[in-house]
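> Generate coordinates for the sequence data below:
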Amino acid sequence: MNSPVEFRDEVELVIDLKSDLGEGPLWHSPTSTLVFVDTNKGIIHRFDPATSALASMDVGVEIGAAIPRRRGGFVASSTDGLMAVNETTRSVELLVSIEGDLPSNRMNDAKCDSRGRLWSGTFSKKFERKVGSLYRIDTDLTVTRVTSGVTISNGIGWNSDETKMYYVDTAARGVDVFDYDIGTGTATNKRRFVDISRDFGMPDGITVDAEDCVWVALYYGGAVRRYSPQGEWLATVSLPVSRVTSCGFGGSNLDELYITTANQMVDGEGRQHEKLSGGLFRCRVGVSGLPVFEFGG
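I've put the predicted structure just below:
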C-alpha cells in the first residue's frame, strides 16, 4: 500500500469563530452558502464565501445539525426532536418528537438521501453507553428506529448511487456501512467498513466524494482522513487544532473541503486549547464532493 497523501499547507482558516462545538458543514447550492452549526450554543450559521458574510440564528436549544428543507428554511435535529426553523420569521416549531421519554438524550448529526428522507441518531448527554438509536424520518414525518444500542451517533453519508450508507457511532471507534435501497429507504447488512485506533482520534462527522471515497473527521486526532471504497487509507488533511468535528464539500464546483472544529470549554482529558480551536477551515484536496439533498417533509 502506498503512503497516504498529506494535505497540510493547503489548509486555510476561513473564520476564527471560536465555536464551542462546530458541526455539520453542508453546501446549500441555491444560495451558494455553507450552512453549519454551533451545537451546544444552538446556533445555525450561514456563510457566504463570495462576500465572507456570516449570518447566524439562535434557535434556543442544543442542535446536532441543520438541514435545508424543500419548502424553505431548515430542519434541525435537537434535544426535543426534529424542529422546523424559519429564517424569515426567526421562528422554531417542533415537527417530530424523538425519544421524549429519554430526557438525557438528544439527536445529533443528520443527513438526507436523494428522496428527501432524513437520517439522524441520538446519544446520551450523560454519555451512558448504548442508550441511543439511529432513525429514519420519512417525508410524511413517519419515524422508524433502524438501529438501537448506539452510544454516540455521528456521521452519515451515501455513495454516489446510494447503494451504500456509511455510519459512525463514535464510541465504536470506526465507520460502519449498510447496504442501502434508495427505493425503500431500507438499510441492511450493517458491517464494519474501517477501524480507527483511539491513538488517531475519535471518528466524528463524515462526507463522501465523487469518487465514492469516505472522508472522516477525527476528534482529538487533528485531522480528516480519506478512505477508498475498499477501506484503504488514501489521504490525510492535517489541521492546526486537535478537535476536528466534521467535514463537507462546498464551493460552486463542490471542490473545497470545509472542516468544522470545536473549542469546548470543558475538556475532561485536560488538553490545552489551541489558538485556532473552533475555527472553520477549508482545503482543496483535488476531488469534488456529492450534492447535498434537502429534507422533503
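> residues of the longest strand that the chain contains that come out buried?
If you go by DSSP state E, the chain has its longest strand at strand 186-195. Neighbour-count burial for strand 186-195 flags 187, 193-194 (criterion: 16 or more other C-beta atoms under 10 Å). The way it works is simple: take the backbone N, C-alpha and C, and place the C-beta from them, glycine included.
> Of those residues, which is the nearest to residue 235?
Closest to residue 235 out of those is residue 194 (13.6 Å), distances taken as C-beta to C-beta.
> give me every residue that touches residue 259.
Residue 259 is in contact with 11, 25, 217, 224, 237, 239, 244, 246-247, 280-283, counting by C-beta atoms under 8 Å, 6 or more residues apart in numbering.
> Any stretches of the stretch 1-150 of the chain with poor pLDDT?
By pLDDT under 70, the low-scoring segments of the stretch 1-150 of the chain are 1.
> so residue 16 sits right up against residue 279, yeah?
Yes - when contacts are counted by C-beta atoms under 8 Å, residue 16 is listed as touching residue 279 (5.1 Å).
> okay, those two: which has more neighbours?
Counted by other C-beta atoms under 10 Å, residue 16 and residue 279 do not tie: residue 279 has more neighbours, with 23 against 12.
> Would you check that the more buried one makes contact with residue 15?
Yes - using C-beta under 8 Å, residue 279 is in contact with residue 15, at 6.4 Å.
> Now do the strands in the stretch 101-250 of the chain.
Secondary structure of the stretch 101-250 of the chain, counting by DSSP state E, counting those that start in this stretch: strands at 105-112, 118-124, 132-137, 143-150, 153-158, 164-169, 174-181, 186-195, 202-208, 214-219, 223-227, 233-238, 244-250.
> Could you provide these in CSV, with additional columns for distance to residue 38?
Formatted as CSV, the strands of the stretch 101-250 of the chain follow (distance: least, C-beta to C-beta, whole Å):
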stretch, distance to residue 38
strand 105-112, 14
strand 118-124, 18
strand 132-137, 21
strand 143-150, 23
strand 153-158, 16
strand 164-169, 20
strand 174-181, 25
strand 186-195, 29
strand 202-208, 14
strand 214-219, 15
strand 223-227, 19
strand 233-238, 21
strand 244-250, 10
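> Quick check: which of those is nearest to residue 290?
Proximity to residue 290 (C-beta to C-beta) singles out strand 202-208 among these, at 5.8 Å.
> and the direction of that closest one versus that of strand 153-158, what angle?
Relative orientation of strand 202-208 versus strand 153-158 (axes from the mean of the first three to the mean of the last three C-alpha atoms, to 10 degrees): 20 degrees.
> now strand 202-208 against strand 223-227, angle please.
With the same axes, to 10 degrees defining the directions, strand 202-208 sits at 50 degrees from strand 223-227.
> returning to that earlier point: which of the contacts of residue 259 sits closest to residue 88?
Residue 88 has its nearest neighbour among those in residue 25, at 22.8 Å by C-beta to C-beta.
> quick one: strands adjacent to the helix or strand hosting that closest one?
Using DSSP states H and E, residue 25 sits within strand 22-28. The strands beside strand 22-28 in its sheet (DSSP bridges) come out as strand 33-38 (antiparallel).
> buried residues in the very next helix or strand once past the partner strand?
Where DSSP H and E defines the elements, the next helix or strand beyond strand 33-38 is strand 43-48. For strand 43-48, the neighbour count (16+ other C-beta under 10 Å) marks 43-47 as buried.
> Just give me how far strand 43-48 sits from the chain centre.
In terms of C-alpha atoms, centre = their mean, to the nearest Å, the centre of strand 43-48 is found 15 Å from the chain centre.
> and what of stretch 131-149?
Offset of stretch 131-149 from its chain centre (C-alpha atoms, centre = their mean): 17 Å.
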